[in-house]
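S.K.: got a sequence here, can you model it:
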Amino acid sequence: MQLEKTKTRIDILDVIRGFAIVSIMLLHNIEHFDVYYFSDQLPSWMVPLDKLIWDSLFFMFGGKSYAIFALMFGVTFAIQLTNQEQKGKPFRARFAWRLLLLFGFGVLNSAFFQGDILTIYAVIGLLLIPLTKLSEKTLLWIGAILMLLPFEWLNLFYALKHPLEKINDPVSWTYFGKMMEYIPNESFINTVIGNLTNGKIGVLLWNWENGRFFTILGLFLFGFILGKRKLFVWSETSAPFWKRLFKIAIIAFIPLFLIQKYLDLLIQSDIILRSVMTIESAWTNFAFMLILVSGLTMLFQSNYLQKKLMYFSYFGRMSLSNYIIQSIIGSSIYYGWGLGLYKYTGATYGILIGLTLTVIMGIFCKWWAKSHKQGPFETIWHKATWYGSK
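M.R.: Numbers count the residues shown, from 1 in each chain. Here you go, the predicted structure:
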């Protein structure tokens, strides 16, 4: 019975990761992998359909998929740390080396797609090493404070004192605007240089402006606690936890979402609205992410649905490989050095391309899993992580 629980725990984590990687693939395709270019050559009937697809996908996955990955990052660290401690082996120094390797994978990914999150995870992940020596209660408090976006509250207090002050566009937009100097370029080298310099600065600024540095660490800590408590193992303890969390997340999400929809009508000051929107959006996305994770965890307990959901596990077992491979393929499809389809496709074409890639990658992942325990990049990461260990 214990073996079955352990296996289920691994499977549900793979399913959740796989679900996140598929949703990211779909989002990235309608975004043209960060090229926000809206073609005027599309048929008129497709324009409202594009908007419906865009709004629907961002409602479902925008700001939630990255949060799922951050949560799973913390869970994975807890599992690895616990496993090594049970063997009497230190792991924190090895984890730091593992993060350095992840940073390298992130740089590779950034060369193709400036919106890479791996480098950010690698740097923020270092904070897990000292923080996770604290008690769970302390970690919960730290995580909660981080999810409140403390720095943005300072911006809001300033805005409340200066409600009539005019605001400029976010600084990150300046860098994103410069993308069109190299994305349409047919030179792959120029695209790589642009992504790793201008693009990377823009992405880092955007994450800071939207409070992501705080929420990512908060989610890491929450995931760590979930992993330490083995709450992804379905049991008499975890079952009521997930059911209760699902209900609380729904109760929190509904008013947060309604408030978000009407914030621009409730707040007339632009400077106040920006800060409130940043804070409120983070909370709304967090609540919906919890609905997705707890919902998937509970649905997975049904034998019928478990077989269906296991499709995502093939993606989840090699999520790192999927994340990098989709960036390489997406860049070659939409950027100027490749097919340059950003000029001709909207959200409708993007979702069709994304679904096609999902099917192709699903076939590849399933085929790869027949003869390999890990994906290609996961294999490199694992072997390099444990290089020199006995």
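S.K.: every contact and neighbour count from this point should use C-alpha atoms.
M.R.: Will do.
S.K.: and the residue positioned nearest the centre of the chain, what element?
M.R.: In the chain, the residue lying closest to the centroid (CA atoms, centre = their mean) is residue 66, at 1.3 Å. Element membership for residue 66 (DSSP states H and E) is helix 65-86.
S.K.: now that helix - C-alpha only, PDB.
M.R.: Provided in PDB are the C-alpha atoms of helix 65-86 (Å, rounded to 0.1, in the frame of the first residue of the first chain):
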ATOM      1  CA  SER A  65       1.100  28.400 -15.100                       C
ATOM      2  CA  TYR A  66       4.300  30.000 -13.900                       C
ATOM      3  CA  ALA A  67       2.900  29.900 -10.400                       C
ATOM      4  CA  ILE A  68       2.300  26.200 -10.700                       C
ATOM      5  CA  PHE A  69       5.900  25.700 -11.800                       C
ATOM      6  CA  ALA A  70       7.200  27.800  -8.900                       C
ATOM      7  CA  LEU A  71       5.100  25.700  -6.400                       C
ATOM      8  CA  MET A  72       6.400  22.500  -7.900                       C
ATOM      9  CA  PHE A  73       9.900  23.800  -7.700                       C
ATOM     10  CA  GLY A  74       9.600  24.100  -3.900                       C
ATOM     11  CA  VAL A  75       8.000  20.600  -3.700                       C
ATOM     12  CA  THR A  76      10.800  19.100  -5.700                       C
ATOM     13  CA  PHE A  77      13.400  20.600  -3.400                       C
ATOM     14  CA  ALA A  78      11.600  19.300  -0.400                       C
ATOM     15  CA  ILE A  79      11.600  15.800  -1.900                       C
ATOM     16  CA  GLN A  80      15.300  15.900  -2.800                       C
ATOM     17  CA  LEU A  81      16.300  17.300   0.500                       C
ATOM     18  CA  THR A  82      14.300  14.800   2.500                       C
ATOM     19  CA  ASN A  83      15.600  11.800   0.400                       C
ATOM     20  CA  GLN A  84      19.200  12.900   0.900                       C
ATOM     21  CA  GLU A  85      18.800  13.600   4.700                       C
ATOM     22  CA  GLN A  86      17.300  10.100   5.100                       C
END
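S.K.: pLDDT below threshold where in the stretch 151-300 of the chain?
M.R.: Judged against pLDDT under 70, the stretch 151-300 of the chain has no low-scoring part.
S.K.: one step back: quick one: the helix or strand following the helix holding residue 66 to helix 65-86, angle?
M.R.: For helix 65-86, the succeeding helix or strand toward the C-terminus, using DSSP H and E, is helix 92-112. For helix 92-112 against helix 65-86, the angle by axes from the mean of the first three to the mean of the last three CA atoms, to 10 degrees is 150 degrees.
S.K.: so which elements touch helix 92-112?
M.R.: helix 118-125, helix 188-194, helix 319-334, helix 376-385 (3 or more CA pairs under 8 Å, 6 or more residues apart in numbering; DSSP states H and E).
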